[in-house]
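Output the structure for:
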Amino acid sequence: MSIHNQSLLNDAGILHSEDASVVIVYTEWNDTVINELVAGCEKSLAEYNVSKISKVIVPGAFELPFACKQYWERTKGTHKQPGAIIAFGCVIRGETPHFDYVCKGVTEGLMQLNIELPVPVIFGVLTVDNMQQAEERLGGIHGHKGEEAAITALKMISMMRQL
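Numbering: from 1, shown residues only. Prediction:
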């Protein structure tokens, strides 16, 4: 039995997404997991006929907030400015407190962008204890977090358009 919440994949609230623009900012670190998150995200966006997708790659999760902010700032007034930003990373617990510092920093950084930027920044960062937990979030017992991030982005774009 899956404990995954299927309501996240419900498309209620997604309106006219064909012209939506999304940027995916993702890490090089833990690329096996990240590539699957991005693929799931792109698959879901394609299902809603979203074709305006840009990608930005950064070394690690700690760099995600900076890259998201820079993308927004550097695309102001251009056709590249997105309706939503999706940030993907995967931080796996190790033997040192590094995990805690990185998770706290990236979480707070992306949350701050949600307050500062006029577009939603979707949190697609896996913070897991081991690779098995990451795999469970790539279509396993906990759903596919890449697909969920795409749906969340489209719902938020629709919400903004309705305001």
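
Show the backbone phi and psi for F99.
phi -50, psi -50 (degrees, to the nearest 10).

number of nearby residues for T107?
16 (other Cβ atoms under 10 Å). Where you see a C-beta, it was placed from the backbone N, CA and C, and this is true even at glycine.

per-residue pLDDT, it?
Here the pLDDT value assigned to T107 is 98.

I figured it was touching V125, is that so?
Yes - with contacts counted by Cβ atoms under 8 Å, T107 reaches V125, the gap being 7.3 Å.

Can you pull the residues that touch both of those two?
The overlap between the contact sets of T107 and V125 (Cβ atoms under 8 Å, 6 or more residues apart in numbering) is empty.

Tell me which stretches of the chain form strands.
Using DSSP state E, the strands of the chain run over residues 21-27, 52-58, 84-92, 121-128, 138-140, 143-144.

can you redo the ones you listed as CSV with mean neighbour count and mean pLDDT?
Listed next are these as CSV, based on neighbours: other Cβ atoms under 10 Å; pLDDT from 0 to 100:
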stretch, mean neighbour count, mean pLDDT
strand 21-27, 25, 97
strand 52-58, 16, 97
strand 84-92, 25, 98
strand 121-128, 24, 98
strand 138-140, 17, 93
strand 143-144, 20, 94
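
Quick one: the ones you listed as TSV, columns for distance to A150 too.
Output for the strands of the chain, formatted as TSV (distance: least, Cβ to Cβ, whole Å):
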stretch	distance to A150
strand 21-27	8
strand 52-58	10
strand 84-92	7
strand 121-128	8
strand 138-140	14
strand 143-144	10
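
can you pull the contacts of F123?
A87, T107, L110, M111, A149.

Would you check that the third one makes contact with L117?
What it means is L110. No - with contact defined as Cβ under 8 Å, L110 does not reach L117; the gap is 10.3 Å.
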